[in-house]
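**Student:** Sequence first, predicted coordinates after that:
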Amino acid sequence: MTEELAATDAYLRQAQCSAIAHHDEGLELDRTVFYSRGGGQPGDIGKLEWADGSVGVTDTFKKNGVVLHQLGGDPPPVGTELTGTIDWERRHILMRTHTALHVLSAIIFKEFDAKVTGGNMEPGSARMDFELDSISVEFGQQVEQRLNEELAKGHEVNVLFMARSEALQDPDLIRTKVNLIPETVDPIRVIDIGDIDRQADGGTHVANTSEVGAVEVVKTESKGKANKRIKIALID
Ligand SMILES: [Zn+2]
């Protein structure tokens, strides 16, 4: 199993590691600073460097539980000591985008009583779908105002590891379907944002909502009955 450093330190940009296996779709490392695609967050890109070479990492994802680093060129031999460096600018934008989505889902749930049905993100923009009966431009403006108010309050974002038995009793985690996480996962990683949001989550987030900056609702649209989409974008 690859040690995934981003799970406990989202701000780590570089780490030493070694190549342990070549797979058809990518290189396996003993430990990695790269976040592997999941939960709507894209995988990291960056580079691997060693004594007499380097190669770009063009995507990071899991296949059959193995973290694979897709490379833009020839892989280093197994056993090579490497320095892995992520594209930090892109990752930090993704952390801001991802954190904004949590606050968005919390506002829609607490103030409009609607759950999330889906979502996806790219660096600097994202969409989220909700079980809302209707949506309008005015609603989008109202949500945008509330979102920026909450982000600016500077809620702390904490990463917790909870025993599975405890997580299965937590009302917020029940709401976000913690029971669907495979039974072998214990403890469960939880992202806690001030007193507004708590969910089981594998992604990377900023440490404080004020770090997200200002966000704009760029589009609202109906994707069918009880399925309404809100698109957001970071302003800078
Ligand atoms: Zn998250």
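**Tutor:** Cool, the structure landed.

**Student:** For E138, see how far away the most centrally placed residue in the chain is.
**Tutor:** By C-alpha atoms, centre = their mean, the chain has its centre lying nearest to G203, at 3.1 Å. According to C-beta to C-beta, to the nearest Å, G203 stands 31 Å off from E138. (Glycine included, C-beta is placed from N, CA and C.)

**Student:** how about the longest helix that the chain contains: buried residues?
**Tutor:** Using DSSP state H to define each element, the chain has its longest helix at helix 88-112. Of all the residues in helix 88-112, those buried under the rule 16 or more other C-beta atoms under 10 Å are 88, 90-109.

**Student:** Show me what it is packed against.
**Tutor:** strand 116-122, strand 125-130, helix 137-152, strand 188-193, strand 197-200, strand 228-234 (3 or more C-beta pairs under 8 Å, 6 or more residues apart in numbering; DSSP states H and E).

**Student:** what does the first one rub up against?
**Tutor:** To tie it back to what came earlier, the one meant is strand 116-122. Contacts to strand 116-122, defined as C-beta atoms under 8 Å, 6 or more residues apart in numbering, come from residues 40-42, 94, 97-98, 101, 105, 108-109, 126-131, 176, 227.

**Student:** just to revisit the earlier point, pick the most buried one from the helices and strands packed on helix 88-112.
**Tutor:** Ranked by mean neighbour count, the helices and strands packed on helix 88-112 are led by strand 197-200 with a mean of 23 (mean count of other C-beta atoms under 10 Å).

**Student:** Help me see whether that strand makes contact with the ion, please.
**Tutor:** No. Using C-beta under 5 Å from the ion, strand 197-200 stays clear of the ion, with a minimum separation of 6.9 Å.

**Student:** Any idea how far that strand is from the middle of the chain?
**Tutor:** Its chain's C-alpha centre and that of strand 197-200 lie 12 Å apart, by C-alpha atoms, centre = their mean, to the nearest Å.

**Student:** quick check: mean pLDDT across it?
**Tutor:** Per-region confidence: strand 197-200 scores 94 on mean pLDDT.

**Student:** Quote the end-to-end distance of stretch 122-140.
**Tutor:** With C-alpha to C-alpha, to the nearest Å as the measure, stretch 122-140 spans 20 Å from end to end.

**Student:** scratch that, stretch 70-86
**Tutor:** End-to-end distance for stretch 70-86, by C-alpha to C-alpha: 13 Å.
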